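Q: give me a 3D structure for the following:
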Amino acid sequence: MAPQTQREDSIKTAEEYYQKGNEYRREGNWQMALNNYLEAIALDPDSPAVHAKEMLDDILSFYHKDYYNP
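A: Residues are numbered from 1 along each chain as shown. This next block holds a predicted model:
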């Protein structure tokens, strides 16, 4: 049997999904961060991932008209 490594399919807890989401967020991989936060929330609706997802939603939905119309 091969030694078990930390892979995303081996993540079991909401805290682990939340931490993995934070890692992806720091790397700028927004979609994977969001996916991990959603998994954490599904496992624990009171997870800190709820707040992290809200912040990520704000980042992704930011629009400033002057950035697009110089």
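
Q: for S47, grab the count of nearby residues.
A: The tally of other residues near S47 (other CB atoms under 10 Å) stands at 21. (Glycine included, C-beta is placed from N, CA and C.)

Q: what do you get for the one 3 residues further on?
A: Using other CB under 10 Å, V50 has 14 other residues around it.

Q: what's the closest non-adjacent residue to it?
A: In this structure, V50 finds its nearest non-sequential neighbour in I41, 5.8 Å apart by CB to CB, 6 or more residues apart in numbering.

Q: quick check: pLDDT value at the one you found.
A: At I41, the model reports a pLDDT of 97.

Q: gap between G21 and L60?
A: According to CB to CB, to the nearest Å, G21 stands 14 Å off from L60.

Q: pick out whichever of those two has more residues nearby.
A: Taking neighbours as other CB under 10 Å, G21 and L60 compare with G21 leading, 27 against 11.

Q: show me what contacts the nearest residue to that one once chain neighbours are set aside?
A: Nearest-residue entry for G21: N36, 3.4 Å, with adjacent residues in sequence omitted and distances by CB to CB, 6+ apart. N36 is in contact with E8, Y17, Y18, K20, G21, Y24, A49, counting by CB atoms under 8 Å, 6 or more residues apart in numbering.

Q: so where does N36 fall, helix or strand?
A: Using DSSP states H and E, N36 sits in helix 30-43.

Q: name the next helix or strand downstream of that helix, please.
A: Sequence-wise, the next helix or strand downstream of helix 30-43 (DSSP H and E) is helix 49-61.

Q: which pLDDT value goes with the residue nearest to G21?
A: pLDDT recorded at N36 is 97.

Q: now swap in L60 and tell me
A: Listed pLDDT for L60 reads 84.

Q: Q31 is in contact with that one, correct?
A: No: counting by CB atoms under 8 Å, L60 does not reach Q31; the two are 9.3 Å apart.

Q: tell me which residues touch the residue nearest to the spatial centre of the chain, please.
A: The C-alpha lying nearest the average C-alpha coordinate of the chain belongs to A33 (CA atoms, centre = their mean; 2.6 Å). If you count contacts by CB under 8 Å, 6+ apart, A33 has them with G21, N22, Y24, R25, A52, L56.
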